[in-house]
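>>> A structural model of the following input is requested.
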Amino acid sequence: MTTAPVGRELQVLRLAVGVILAGLMLVSCGTSPQKQGGTVASAPASPSGTAGPSPSGASLSACSSGGSSPAPRPTFPSPALTASPSSTSGTITGSAGWPPSGVAPQLIYAISTAGASRGAYSTETVAGQFSYTIKGVAAGEYYVYSAVRPLVCKGQGSVVGATYSEFATCGSPSCSHAPLPVIVKAGATTDRIDPADWYTPDKTVPAPPIEIVMSDPPLPSAGQNYASAREAALSTAGAHAAAVIVDSMATCPVNRACISLGTEHNGTQSAYFDGEGGSNADVLACMTYVVHDAAGWRGARSQCPAVFPAVGKSGMVWLGGATASCGANVRSAPGPQGKVVACLQHHTGVSIDGGPAYAPMSSTDGIWWHLAGQGWMADDFLIFPEICGCD
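Residues are numbered from 1 along each chain as shown. Okay, here's the model as predicted:
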């Protein structure tokens, strides 16, 4: 029995997550802001968690352009870029995720309860990163929010996102959804601040001030080809993680999301890179895979966290909840021409001692790995289940 149906189900599951993200990015932004006292007002950090009138002197909202995308960043310095840890500033840490997948890059931001003009700070996360740290926050009282990146603007100066509310401590959708104030003290860390309340009716929060929104790397064109494996990997990793590419995470700017490619490992018409990604102290192992055909090099996928599949690593067969009487095929050679020599079930432990090899097959991504003592298996059945962060 072949594994083609299982491969198709897994591809559909991956595609669904991508469609959700793509659909969100097409949502139109809010209307132009109202002027109050001669200043442009943004959405406030209000206890209700909804957009409303803002104190005089507040910063321009990232969703105040009235267009189909967030307003462009201004050229003046951003607190998120210029703030640095010191004895007079504090730190906010916690976790955040985006249902249903949890893999979307996010902007986590803290807005003074007195209004954005009194204090606004942010940090970024890469796709797959659940913990965050905001460094260099001035002592004070704040509301903390998370928003998917690129920002998805909604009406009235709000974005798709979640808030830190009573839900973080009670865990029930029936709890209050009003933002809880967070106290930051100089030289101290305020932890377990989890802006993960996605149970509000419209799943929106006040848009962050434009000064603390960092720009995302441009998305590569579908099917774009490159002259080298590294160029293809740079594009694929940067777009997936929505992160700045750096040679080493040690050089990643404070409060920015970064990703490093790491070492290149070449296979047959394919290659992979084992690097890192994340922000501040929250760093994950990341893998990026690329393939080569007559048109050149192109990205296959990138993932954080991940250390498998890779040569010399052990892991498990993963069928993504699909059922098959046989399981995943093991073949005598990579690709559809290889003879089926074995069949492995979900969660079977395996070790990889060869690969990758690129051999296109309609129901898989075309990457194959050699399992120690057994044969070749399609990459699709050896992928860490990023879409749920479990299993």
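>>> residue ranges in the chain under the pLDDT threshold?
Judged by pLDDT under 70, the chain has its weakly predicted residues at 1-59, 64-85, 99-102, 216-222, 321-324, 385-391.
>>> quick one: the spatially most central residue of it from Lys185, how far?
In the chain, the centroid-proximal residue (CA atoms, centre = their mean) is Ala127; its distance is 1.6 Å. Taking CB to CB, to the nearest Å as the measure, Ala127 falls 32 Å from Lys185. Placement of C-beta: from N, CA and C, glycine included.
>>> ok, Asn266 next?
For Asn266 relative to Lys185 (CB to CB), the value is 51 Å.
>>> same deal with Ala294?
Per CB to CB, Ala294 is found 61 Å from Lys185.
>>> ditto for Ala328
With distances taken as CB to CB, Ala328 is found 53 Å from Lys185.
>>> who has more neighbours, those two?
Using other CB atoms under 10 Å, the more surrounded residue of Ala328 and Lys185 is Ala328, with 24 against 13.
>>> the residue nearest to the centre of the chain contacts Ala237, correct?
No. The criterion here is CB atoms under 8 Å, and Ala127 misses it with Ala237 at 10.2 Å.
>>> strands paired with the lengthiest strand in the chain, and their directions?
Identified as the longest strand of the chain according to DSSP state E is strand 282-293. With DSSP bridges as the test, strand 282-293 is paired with strand 270-279 (antiparallel), strand 296-303 (antiparallel).
>>> in TSV: the ones you listed, plus distance to Ile108 and mean neighbour count.
Putting the strands paired with strand 282-293 into TSV (distance: least, CB to CB, whole Å; neighbours: other CB atoms under 10 Å) gives the following:
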stretch	distance to Ile108	mean neighbour count
strand 270-279	9	26
strand 296-303	21	22
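>>> any chance of those strands in a markdown table, plus distance to Gly375?
Converted to a markdown table, the strands paired with strand 282-293 look like this (distance: least, CB to CB, whole Å):
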| stretch | distance to Gly375 |
| --- | --- |
| strand 270-279 | 18 |
| strand 296-303 | 21 |
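>>> out of those strands, which is closest to Leu371?
Evaluated with CB to CB, the strands paired with strand 282-293 place strand 270-279 nearest to Leu371, the distance being 16.3 Å.
>>> so who does Ile183 touch?
Ile183 sits next to Gly140, Glu141, Thr190 when contact means CB atoms under 8 Å, 6 or more residues apart in numbering.
>>> go on, Val307?
Asp274, Ala285, Met287, Lys313.
>>> Pro179 and Ser165 touch, don't they?
Yes. Counting by CB under 8 Å, Ser165 is a contact partner of Pro179 at 5.8 Å.
>>> got the domain boundaries for the chain?
1-30+308-386, 40-212, 217-307 (automatic domain parsing).
>>> show me where the stretch 201-350 of the chain has its helices.
Ranges of helices within the stretch 201-350 of the chain are 229-241, based on DSSP state H, counting those that start in this stretch.
>>> element containing Asp353?
strand 349-358 (DSSP states H and E).
>>> buried sites along that strand?
By neighbour count with 16 or more other CB atoms under 10 Å, strand 349-358 contains the buried residues Val350, Ile352, Gly354, Gly355, Pro356, Ala357, Tyr358.
>>> between these, which sits nearest Asn225?
Nearest to Asn225 out of the buried residues of strand 349-358 is Tyr358 (CB to CB; 13.7 Å).
>>> please name the bridge partners of that closest one.
The partner residues for Tyr358, given DSSP bridges, come to Ile367.
>>> start the count at 42, not 1, going forward
Sure, I'll start counting at 42 from here, so that last one is Tyr399.
>>> so it sits against Val332, correct?
Yes. Tyr399 sits in contact with Val332 when judged by CB under 8 Å, with a separation of 4.4 Å.
>>> who touches both of those two?
Gln310, Ser311, Gly407, Ile408.
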